[in-house]
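[1] the sequence isn't on hand, but the structure is:
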């Protein structure tokens, strides 16, 4: 399918946003609780922004990282001859 990489990438980016939002909130809370400098939150936001293209490229280029084929059997299945 031609639009499969696009769907996978959009799903990964949606998951990234869903996870990044609580991380941003937790980062602000953590900075206040631990009395960290404002640079902590700036670096956290910068890292999350820089992670978006990395996640998109990985989701687009490497489908084998996102899903496991159901056709393959894992090593060491019962009944396998180990000699």
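    Perfect, I can see it now. These numbers were taken from a predicted model, which means no experiment stands behind them. Numbers count the residues shown, from 1 in each chain.
[2] and residue 18, which of the three is it?
    Following DSSP: H, G, I helix; E, B strand; the rest coil, residue 18 is assigned to helix.
[3] what are the ranges of the helices in the chain?
    Along the chain, the segments classed as helices by DSSP state H run 4-33, 38-61, 63-66.
[4] redo those helices as TSV? Include mean neighbour count and mean pLDDT.
    To be clear about C-beta, it is placed using only N, CA and C from the backbone, and glycine gets the same treatment. TSV is the format used below for these (neighbours: other CB atoms under 10 Å; pLDDT from 0 to 100):
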stretch	mean neighbour count	mean pLDDT
helix 4-33	13	91
helix 38-61	13	92
helix 63-66	10	65
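[5] next one: phi and psi at residue 3?
    When read as degrees, to the nearest 10, the backbone of residue 3 gives phi -90, psi 10.
[6] what about it, neighbour count?
    When neighbours are counted by other CB atoms under 10 Å, residue 3 registers 8.
[7] ok, residue 36 - contacts?
    Each residue near residue 36 by CB atoms under 8 Å, 6 or more residues apart in numbering is listed here: residue 30.
[8] do the same with the one 5 residues further on
    Listed by CB under 8 Å, 6+ apart, the contact set of residue 41 reads 27-28, 31.
[9] distance of it relative to residue 12?
    Distance check for residue 41 against residue 12: by CB to CB, to the nearest Å, it reads 25 Å.
[10] now residue 31
    Distance from residue 31 to residue 12, by CB to CB: 28 Å.
[11] do the same with residue 50
    Taking CB to CB, one finds residue 50 at 16 Å from residue 12.
[12] do the same with residue 24
    Look at residue 24 and residue 12: by CB to CB, they are 18 Å apart.
[13] excluding chain neighbours, what is closest to residue 11?
    residue 59 (7.7 Å; CB to CB, 6 or more residues apart in numbering).
[14] surely that neighbour touches residue 8?
    Yes: with contact defined as CB atoms under 8 Å, residue 59 counts as touching residue 8 (5.4 Å).
[15] now residue 36: phi and psi?
    Residue 36 adopts backbone torsions of phi -80, psi 160, taken as degrees, to the nearest 10.
[16] same check, this time on residue 62
    Phi and psi for residue 62, reported as degrees, to the nearest 10, are phi -120, psi 80.
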